[in-house]
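Student: Fold the following.
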Amino acid sequence: MLRIYFVRHGETIWNTLKIFQGRSNSPLTELGIEQAKKLSNFLKDIEFNKIYSSPQERAMQTTRLILGDRDMDITPIDEFQEINMGKVEGIPREDFEKNYPIEYHNFWHNAVDYNPAAYEGESYEEILHRVKIGLNKLISENTSGNILVISHGVTLKAIFNIINEKGIDEFSKQAVPENTSTTIVEYDQDSFKIIKFSDTEHLK
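Tutor: Reported below is the predicted structural model:
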């Protein structure tokens, strides 16, 4: 049996300012660094066969902090980068809502009709397609043991939408995991099962 520990990166400056990051980057806050260090200590007794991370710097920084003294390589996984928000990356949410009110509403509430073409973003169909490729990569490269995967909020939402076998019409209902939360997924006999979702016990 394969056990996958999915982790969202630590809190970033843009998280606190409610600015969409997408493929752009914002550094971890002091709190985000502390969150990752606490998670490192929480996971210290778990032996991981392999460590995957989105290549984006906020995810890689979180991964390095979680690894701590472990002498392990980090394997970048492009399929688990954050959703591309195009030209609305780096602007406050209220500006996104003002400039693209329909797209803003659909981004949060109506995944089926979400069309980011006006600002050259990535659709939900596209992100669901690529994270499915990423999931297939994980299970083709690992047959048993524990692996650690660090990614992003919307991307993890897409991953769990697929794992829960939900359609795109239910995408908007999926919760976004908390910063440095751990979601444990088991894969056995060609099926996924979420054992624990968005656990933040290490922050208590």
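
Student: For the rest of this, base every contact and every neighbour count on C-alpha atoms.
Tutor: Noted.

Student: Wait, Gly86 touches Ala118, no?
Tutor: No: using C-alpha atoms under 8 Å, Gly86 makes no contact with Ala118, being 9.1 Å away.

Student: Which residue of the two possesses the greater neighbour count?
Tutor: Neighbour totals were compared for Gly86 and Ala118, and Gly86 leads with 19 against 11 (other C-alpha atoms under 10 Å).

Student: Going by neighbour count, list what's buried in the longest helix along the chain.
Tutor: Longest helix of the chain, by residue count under DSSP state H: helix 124-141. If you call a residue buried by 16 or more other C-alpha atoms under 10 Å, then helix 124-141 has these buried ones: Tyr124, Ile127, Leu128, Arg130, Val131, Lys132, Gly134, Leu138.

Student: Just put these in a markdown table and tack on distance to Lys173 and pLDDT.
Tutor: Output for the buried residues of helix 124-141, formatted as a markdown table (distance: C-alpha to C-alpha, whole Å; pLDDT from 0 to 100):
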| residue | distance to Lys173 | pLDDT |
| --- | --- | --- |
| Tyr124 | 13 | 96 |
| Ile127 | 16 | 97 |
| Leu128 | 15 | 97 |
| Arg130 | 20 | 97 |
| Val131 | 18 | 98 |
| Lys132 | 19 | 97 |
| Gly134 | 22 | 98 |
| Leu138 | 25 | 97 |
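
Student: so can I have JSON lines of those showing distance to Lys50?
Tutor: Output for those, formatted as JSON lines (distance: C-alpha to C-alpha, whole Å):
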{"residue": "Tyr124", "distance to Lys50": "28"}
{"residue": "Ile127", "distance to Lys50": "24"}
{"residue": "Leu128", "distance to Lys50": "23"}
{"residue": "Arg130", "distance to Lys50": "21"}
{"residue": "Val131", "distance to Lys50": "18"}
{"residue": "Lys132", "distance to Lys50": "19"}
{"residue": "Gly134", "distance to Lys50": "15"}
{"residue": "Leu138", "distance to Lys50": "10"}
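
Student: So of the residues you listed, which two are at opposite extremes in space?
Tutor: Farthest pair in those (C-alpha to C-alpha) is Tyr124 and Leu138. Separation: 21.0 Å.
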